[in-house]
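> What would the 3D arrangement of this be:
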Amino acid sequence: PTTTGGGCAKLAEHVSLAPELPLKYIMPALLYCGYNNLVYANLAVFDPGTYNVLLQLRLVLTGLLYQALFARRLNRNQWL
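The predicted structure follows:
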């Protein structure tokens, strides 16, 4: 079934046809909400320059953790 309504009508239609659909979005939405709250709290504690350095350090730590957990080396292009 199709509706000619706008975005909200289509959303309601899809949710009524697949009630498990919203459950797929709950965890990413909660993680995003938590991350945004942590960013706000961190900016209240750190000055913006320090916060940006720590944010960039997160990328390096993610690469190192990836290499350690998956026992795979990242090549030069993946580090850039």
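> What mean pLDDT does the stretch of helix or strand Q67 belongs to get?
Assigned by DSSP states H and E, Q67 falls within helix 48-70. Computed over helix 48-70, the mean pLDDT rounds to 90.
> can you pull the pLDDT of the most centrally placed residue in the chain?
The residue lying closest to the centre of the chain (CA atoms, centre = their mean) is Y32, at 5.4 Å. With respect to pLDDT, Y32 has a value of 93.
> Can you tell me how far it is from V39?
11 Å (CB to CB, to the nearest Å). In short, each C-beta sits where N, CA and C put it, glycine included.
> Next one: P22 from C33, what distance?
From P22 to C33 the distance is 15 Å (CB to CB).
> Sorry, wrong one. I was asking about L61.
Counting by CB to CB - L61 and C33 are separated by 23 Å.
> Same question for L17.
27 Å.
> what does E13 give?
26 Å.
> When the two are compared, which one has more neighbours?
Using other CB atoms under 10 Å as the criterion, E13 and C33 rank with E13 on top: 14 against 10.
> Phi and psi next, for the more buried one.
Backbone torsions for E13, taken as degrees, to the nearest 10, come to phi -70, psi -50.
> hmm, who's touching stretch 45-56?
42-43 (CB atoms under 8 Å, 6 or more residues apart in numbering).
> CA atoms of that stretch as PDB?
Below are the C-alpha coordinates for stretch 45-56, written out as PDB (Å, rounded to 0.1, in the frame of the first residue of the first chain):
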ATOM      1  CA  VAL A  45      35.900  21.100  31.100                       C
ATOM      2  CA  PHE A  46      38.500  21.500  28.300                       C
ATOM      3  CA  ASP A  47      39.300  24.400  26.100                       C
ATOM      4  CA  PRO A  48      38.500  23.900  22.400                       C
ATOM      5  CA  GLY A  49      42.100  23.400  21.400                       C
ATOM      6  CA  THR A  50      42.700  20.600  23.900                       C
ATOM      7  CA  TYR A  51      39.400  19.000  23.000                       C
ATOM      8  CA  ASN A  52      40.400  18.900  19.300                       C
ATOM      9  CA  VAL A  53      43.700  17.300  20.100                       C
ATOM     10  CA  LEU A  54      42.000  14.700  22.200                       C
ATOM     11  CA  LEU A  55      39.400  14.100  19.400                       C
ATOM     12  CA  GLN A  56      42.300  13.500  16.900                       C
END
